[in-house]
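Novice: let me see the structure of the following:
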Amino acid sequence: MISAKKLATIGAAGALLVMSATPAFAGNFISQSNWAIVGNAVNQNANTGNQASGFGSGHNLAIGTGNAANNAFVVNKVNKNDADVCGCSGHNFVTQKNGAFVSNEVNQNANTGNQADGFLSGGNKAIHTGDASNGAAVVNVVNSNVVH
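Specialist: Down below sits the predicted model:
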């Protein structure tokens, strides 16, 4: 007859053998989610114009303006999920969800004009204006997911 002590030892050894032969379930459950609302409104106005001379006659007139320039640079980096499962054994379950509403509005006005010499007669008249320029760049990087 087998003693209870031997039976327990055989049972433990059998369980240990079964456990070592069956791969263990190991891994990661990763869930990432983002939602964003982004609004940008850029309004720019540059003006060196609207000069006017008065009334007169026989005078020399010179009106000069400088440059008018607007520059806008808008960068939005919104909703980035980054999951690192490298080096993990077993199964990895990754869920990544993103949602976004992005609105960009850029309004620009550059003016160096609208000069007037009034009511002048005779004399020399010269009106010189500078350069007017607008520049805008908008970059949106939205809803990126990376799993490595």
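
Novice: which residues does the nearest residue to residue 147 once chain neighbours are set aside contact?
Specialist: In this structure, residue 147 finds its nearest non-sequential neighbour in residue 83, 4.8 Å apart by Cβ to Cβ, 6 or more residues apart in numbering. Yep, even glycine has a C-beta here, placed from its N, CA and C like the rest. Each residue near residue 83 by Cβ atoms under 8 Å, 6 or more residues apart in numbering is listed here: 30, 32, 94, 96, 146-148.

Novice: just put those residues in CSV and tack on neighbour count.
Specialist: Conversion of the contacts of residue 83 to CSV gives the following (neighbours: other Cβ atoms under 10 Å):
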residue, neighbour count
30, 16
32, 16
94, 14
96, 19
146, 10
147, 14
148, 7
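
Novice: can you list the low-confidence ranges for the protein?
Specialist: Counting by pLDDT under 70, the ranges of the chain that qualify are 1-26, 53-59, 117-123.

Novice: report the central residue of it.
Specialist: residue 76 (1.2 Å; Cα atoms, centre = their mean).

Novice: flag every buried residue along the helix or strand where that one lies.
Specialist: Of the helices and strands defined by DSSP states H and E, residue 76 is found in strand 68-83. Residues of strand 68-83 classed as buried: 68-70, 72, 74, 76, 78-79, 81, 83 (neighbour count, 16 or more other Cβ atoms under 10 Å).

Novice: do stretch 96-106 as well
Specialist: So stretch 96-106, judged by 16+ other Cβ under 10 Å, has buried residues 96, 98, 102, 104, 106.

Novice: closest to residue 127 out of the residues you listed?
Specialist: The nearest member of the buried residues of stretch 96-106 to residue 127, counting by Cβ to Cβ, is residue 106 at 30.4 Å.

Novice: mind listing what the closest one touches?
Specialist: Contacts of residue 106 (Cβ under 8 Å, 6+ apart): 40, 42, 44, 72, 74, 136, 138.
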